[in-house]
Structure formats: C-alpha cells, structure tokens
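Chemist: prediction below, plus the sequence it came from.
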Amino acid sequence: MELRKDPITRSWVITGDDVPDSAPRAESFCQFCPDSPAPAQMISNMPGVDGGPWSARAMVHPTPLYRVEGEPSRRADGIYDRMSSVGAHEVLVESFRHDRQLWTASDPEIEQFLLLAAQRIQDLKRDARFKYVSIFKNHGPNAGQEFAHPTSQLTATTFVPRRVLYELRAGRDYFKAKERCVFCDIISQELQQNQRVLEVRDDFIALCPYAPRVPYETWIIPRTHEAAFERLGLARPGSVLDLGALLRRTLQRIRTVTGEFHLVLHTAPNTLHRSKSLDYWRTIDDDYHWHIEILPVVAGKAKSYTFKEVYYSPVTSESGVKRLRAATIEG
Ligand SMILES: [Zn+2]
Ligand SMILES: [Zn+2]
Ligand SMILES: [Zn+2]
C-alpha cells in the first residue's frame, strides 16, 4: 500500500494491489470477545464498570491499512507526490459484550469508550510523524461494517484527511473575515431559530445541519468552544458522561429510520508538532471546533452519481429533525 496525492484536489488516497483481505474470515470465534482463543494484539484497556472485566479497549487492527514502523519518506514522482503508508490502524472495542452496542450500553460504559478514544488520540499525537488521528464507525453491511463485535476504528495518518482539511481551511477563512468560530456561530443561530435542533444536553447539542449530505445527517457539537476532542475528554471528564448520553439517544433516534450509518469524529490535527508550511496551524485553537458527524445510510434514498459529485438529500434537515425528535427512545 502507498499514499498518492491528487495534484488537483490536493487530497491523499491510499492505494495498492496488496489490499488486505476484507472478506469474512473463516474463524468461528470473535477476536474481540474476552474469551477469544486468538485475540487481536492489545494496546490499552479501560477499567470495567458494573462488574465487567473491562469496558473498552484498543487493539491492533488484524489487517491494517497503515503500518506503524518506518518513515513516511515523502517523495516526488514527476509532478506527483507519494509516500509510504506509515500510520496506525487500531480497533476500538466498545464493550466486552459481543451484543452491547453504543445505543444499548449504559452511560458510564459509553463514557469509558469515549475516554479511551481521547487517550488514544492524545497518545498518538505525541508521535511527530502523525498529522491527524481519525476515529470512525461503519455500522451495517451497506456502511462497510468489518466486525460483528461492537467496534469503532482509529487511524493515525501522516496527512490530514480531505474533509477535515476543507473544514480547517473554511474555519480559518471565516475566522479571518469575522474573528469568530464558524461552528460557534452555527450553534447560536441554530439555537435561536430552533428549526434543526434535535436535542440539547448540558454542554452538547445534536442538530441536523442546514445543508445535509444525506437524509437525517446529524452532528453532535460541544456548545463551549474547543478545537480538540481529546482535551475535553481529559480535562473535563464529567462532561464525557453527558456526551455519551446524547450520543446514545441520538443513535437510538437514527435507528428508528435506519440501522446503518457512518459515524466520524472530527478533531483538531496534531498541533503538538506544528507544520512549517501550512498556515492553518496558527489559529487552529480559535477557528476549529471538534464535533461528531453521523451519516445515516438510507436505502434507495441517495442517487449514486449525484451523491458523489453534488450531495442530494431528498429529506430536508427541517423535516428530518421532526421525525428524529418524535422518535420513541428509551432512557
Ligand atoms: Zn465478540
Ligand atoms: Zn467554536
Ligand atoms: Zn466535520
């Protein structure tokens, strides 16, 4: 596998003919259950809650896209740029139970999972090679789910992924023009208009964005300005419990529409080791604001071509939020 940069969009892609086998493995056991005969390699563990052996743990991905050893060795290839696929690829196991999902777990269990995510990001950002740490979850066969056990995944990369780069640039431009954070402004307008707000819980808001990419797209954002998720997680651990509760309730609502979704955490890139060439690093604490994006996969609702080029959502955020608000959920 190697990384190549598209000279036009400036986005990196990972490509190679040595693609790891993603077909369902023949093993009859689960690599992430506590009693697994051949468990994946463990990286770190969170303490158990309510008598469980552990609550969440990070493990090495059994077929990683990125390898942790070596240098990126970025080099030119004529007009192009390429580098080795150096990085980290981990599985974040959300629960020791094979059937305990984020929407059925207790709030203290979800809290431990979110704290694990914060700790892993913090730890990987100490490595100067890594510019960004992504955490994401693909749930359901049409969303590209890989394992039966409830898991999310983490990648640490030597570049900032495209969508985050767009957000960083847009955040910086908005801040330059208005000296305000665009996400903070979105939150205050959404609270004022109250047409797309799904739920407010303590310091967090769940809302359907004004220009959704897919029906029922939902964002969870802290109301207090903060660029980096892991700083919240480690400095104000109490609020992680509230975040977990809002995440659980939001996923319950979305599951009344569809069981399949993508979830991604967008946080600040690695500012411990500042890039000399990229100027968005300087104001990042003021102009970027971490958030979680949930993109439900609604069968037959998206048109494949328009979806890729111009997003098309046949449900507006105003009607989407009504249906999600009215959803019957537990707890
Ligand atoms: Zn399992
Ligand atoms: Zn902000
Ligand atoms: Zn985002």
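Modeler: Everything's here; your move. Residues are numbered from 1 along each chain as shown. Ligands and ions are numbered 1, 2, ... in the order given.

Chemist: tabulate the CA atom coordinates of stretch 143-157 in PDB.
Modeler: Output of stretch 143-157 as PDB, limited to C-alpha atoms (Å, rounded to 0.1, in the frame of the first residue of the first chain):
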ATOM      1  CA  ALA A 143     -21.900   1.100   5.500                       C
ATOM      2  CA  GLY A 144     -18.900  -1.200   5.300                       C
ATOM      3  CA  GLN A 145     -19.000  -2.800   8.700                       C
ATOM      4  CA  GLU A 146     -16.000  -5.100   9.200                       C
ATOM      5  CA  PHE A 147     -16.500  -6.900  12.500                       C
ATOM      6  CA  ALA A 148     -19.500  -8.400  14.200                       C
ATOM      7  CA  HIS A 149     -18.300  -7.300  17.700                       C
ATOM      8  CA  PRO A 150     -19.300  -3.700  18.500                       C
ATOM      9  CA  THR A 151     -16.200  -1.700  17.400                       C
ATOM     10  CA  SER A 152     -15.000   1.600  16.000                       C
ATOM     11  CA  GLN A 153     -11.700   2.100  14.300                       C
ATOM     12  CA  LEU A 154      -8.900   4.600  14.600                       C
ATOM     13  CA  THR A 155      -6.300   5.600  12.000                       C
ATOM     14  CA  ALA A 156      -3.300   7.900  12.600                       C
ATOM     15  CA  THR A 157      -2.000   9.300   9.400                       C
END
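
Chemist: buried ones in it?
Modeler: Using 16 or more other Cβ atoms under 10 Å as the test for burial, stretch 143-157 gives 143, 147, 149-157. Placement of C-beta: from N, CA and C, glycine included.

Chemist: what segments of the stretch 51-200 of the chain are strands?
Modeler: Using DSSP state E, counting those that start in this stretch, the strands of the stretch 51-200 of the chain run over 54-60, 75-77, 80-84, 87-93, 132-139, 151-157, 197-201.

Chemist: how about the residues of the stretch 201-331 of the chain near ligand 2?
Modeler: Taking Cβ under 5 Å from the ion, the part of the stretch 201-331 of the chain that reaches ligand 2 is made up of 225, 289.

Chemist: would you mind listing what in the stretch 101-250 of the chain touches ligand 1?
Modeler: Residues of the stretch 101-250 of the chain lying near ligand 1 (Cβ under 5 Å from the ion): residue 149.

Chemist: helices of the stretch 101-250 of the chain, residue ranges please.
Modeler: Ranges of helices within the stretch 101-250 of the chain are 107-124, 162-178, 182-193, 229-235, 237-255, based on DSSP state H, counting those that start in this stretch.

Chemist: now those in CSV, please, with extra columns for mean pLDDT.
Modeler: Converted to CSV, the helices of the stretch 101-250 of the chain look like this (pLDDT from 0 to 100):
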stretch, mean pLDDT
helix 107-124, 96
helix 162-178, 93
helix 182-193, 98
helix 229-235, 83
helix 237-255, 94
